[in-house]
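In: Here's a sequence, model it:
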Amino acid sequence: MKKLAVIAFGGNALLRGDQMGTIDEQEQNVYETCQHLVPLIKEGAYLVIGHGNGPQVGNVLLQHEAGNKIYGLPRQPIDFCVAETQGSIGFMIEQQLRNVLAENGIKRNIVTLVTQVVVDKQDQAFVNPTKPVGPFYEKEEADHMTEENGWVFHEDPRKRGWRRVVASPRPLDIPNWESVNKLAREGHIVITVGGGGIPAYIDEKGKMVGIDAVIDKDLASSMLATKIKADEFCVLTDVSNVFINFHQPGEQKLGRVSVEEMKKHLHDGQFTEGSMAPKVRACVEFVENGGKDAIITTAEQLSSPGGGTIIIP
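Out: Prediction:
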């Protein structure tokens, strides 16, 4: 049996904090990230790729807002915007990964699946939004948009500015996970659950209905990894390791850590919601549900033996 790995691309793999988000910038970022997958692919590993969309979906929402104000175009709901970014980001990852594979003489099929993810309409996340989307703003700008649009903003824990936050309900089901599993185990590289998946709920008539939310991509990718019985779950982010007492006295980098130790750190509030906490929680859930290990690290560290923070049973 070849190793089956689910890799969740973080926002840094697509758009850096000091960038405008041009297509050239995003394609270059994706290209560089995909280069770090080559060792895994050369080993023959089966790969499934999830990805975030926080900056992109926020920008798409702003585009719809501007289109409504200037041209009277109808605003589209968040689930529609998530679907837009699933397609556009999936296209970028697929295209740049194909380029990387061609440069390395590797022949693998790549398929991007537009994926809905089921949530609970009554999830408390709709009462307490925490998921950051879009760019960073100065407080004055954020206050103005709150007054004008009724949006909610939170200050970034790393003091980079203020970002809009939206509901982030827990994923309950991924309806096409069996298709993902079949394709991946046939050797296709599958890009799926983009942006955490298009949020939908099941109504009283059994119909799927879209809902305004952005599901955490790490939790959705973790659930997918569990469903397809992946051997490994990797979360790529912009720091090499998970830290406790981050940017405080007594800061400590974590290497190989047991599930129980990570759960204690979560309980102690060591990790910020909307930032590192969902990543750690997703990894803990994967290992608790039978996964061999879960890794949180940068793309650069992914191919380094023992690199990053590795959560084990």
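In: ok, which stretches of this structure are helices?
Out: 23-35, 38-42, 54-71, 78-103, 139-149, 177-185, 217-227, 259-267, 276-288, 299-302 (DSSP state H).
In: Bridged to residue 47, which residues?
Out: In this entry, residue 47 is beta-bridged to residue 5, by DSSP bridges.
In: I should have written residue 116 there, sorry.
Out: Bridge pairing for residue 116 - DSSP bridges - gives residue 198.
In: ok, residues contacting the lowest-mean-pLDDT helix or strand in the chain?
Out: Least confident helix or strand of the chain, by mean pLDDT, DSSP states H and E, is strand 131-137 with a mean of 85. Outside of strand 131-137, the residues within contact range by Cβ atoms under 8 Å, 6 or more residues apart in numbering are 17, 54-55, 57-59, 61-62, 145, 153-154, 156, 160-168, 213-214, 216, 274. C-beta: built from backbone N, CA, C; applies to glycine.
In: Please repeat the previous calculation with a cut-off of 7 Å.
Out: Contacts to strand 131-137, defined as Cβ atoms under 7 Å, 6 or more residues apart in numbering, come from residues 54-55, 57-59, 61-62, 154, 156, 160-168, 214, 216, 274.
In: Stretch 229-237 too?
Out: 3-10, 12-13, 33, 218, 222, 225, 279, 282-283, 286, 291-299, 302.
In: at 8 Å what do you get?
Out: Counting by Cβ under 8 Å, 6+ apart, residues outside stretch 229-237 touching it are 3-10, 12-13, 33, 48, 181, 218, 221-222, 224-225, 276, 279, 282-283, 286, 290-299, 302.
In: among those residues, which ones are buried?
Out: Burial by neighbour count, judged by 16 or more other Cβ atoms under 10 Å, picks out 4-10, 12-13, 33, 48, 181, 218, 221-222, 224-225, 276, 279, 282-283, 286, 291, 293-299, 302 from the contacts of stretch 229-237.
In: low pLDDT regions in the stretch 101-250 of the chain?
Out: Across the stretch 101-250 of the chain, nothing is flagged by pLDDT under 70.
In: among the contacts of strand 131-137, which ones are buried?
Out: Of these, these count as buried by 16+ other Cβ under 10 Å: 54-55, 57-59, 61-62, 154, 156, 161-168, 214, 216, 274.
In: now the least confident helix or strand of the chain and helix 54-71, what's the angle there?
Out: 70 degrees (axes from the mean of the first three to the mean of the last three Cα atoms, to 10 degrees).
In: For strand 131-137, which strands pair with it and how are they oriented?
Out: Here, using DSSP bridges, strand 131-137 pairs with strand 162-166 (antiparallel).
In: residues making contact with the strand it pairs with?
Out: Residues contacting strand 162-166 (Cβ under 8 Å, 6+ apart): 58, 78, 129-139, 141-142, 145, 151-156, 212-214, 274.
In: What is the distance between it and the centre of its chain?
Out: Taking Cα atoms, centre = their mean, to the nearest Å, one finds the center of strand 162-166 at 16 Å from the center of the full chain.
In: Next, the angle helix 139-149 makes with it.
Out: Using the same axes, to 10 degrees: strand 162-166 against helix 139-149 is 30 degrees.
In: So what angle separates the directions of strand 162-166 and helix 78-103?
Out: Going by the same axes, to 10 degrees, strand 162-166 makes 110 degrees with helix 78-103.
In: and strand 162-166, C-alpha only, in PDB?
Out: Extracted C-alpha coordinates of strand 162-166, given in PDB (Å, rounded to 0.1, in the frame of the first residue of the first chain):
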ATOM      1  CA  TRP A 162      -8.400  44.300  11.500                       C
ATOM      2  CA  ARG A 163     -10.200  41.600   9.400                       C
ATOM      3  CA  ARG A 164     -13.800  40.800   8.700                       C
ATOM      4  CA  VAL A 165     -15.000  37.700  10.400                       C
ATOM      5  CA  VAL A 166     -17.900  35.400   9.400                       C
END
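In: which parts of stretch 66-73 are buried?
Out: In stretch 66-73, counting by 16+ other Cβ under 10 Å, buried: nothing.
In: List the neighbours of it that are in contact with it.
Out: With Cβ under 8 Å, 6+ apart as the criterion, stretch 66-73 contacts 64, 74, 75.
In: Can you get me a residue count around residue 275?
Out: Look at residue 275: counted by other Cβ atoms under 10 Å, it has 15 neighbours.
In: I figured it hits residue 157, correct?
Out: Yes: contact criterion Cβ atoms under 8 Å: residue 275 and residue 157 qualify, at 5.7 Å.
In: shared neighbours, these two?
Out: Between them, residue 275 and residue 157 share no contacting residue, judged by Cβ under 8 Å, 6+ apart.
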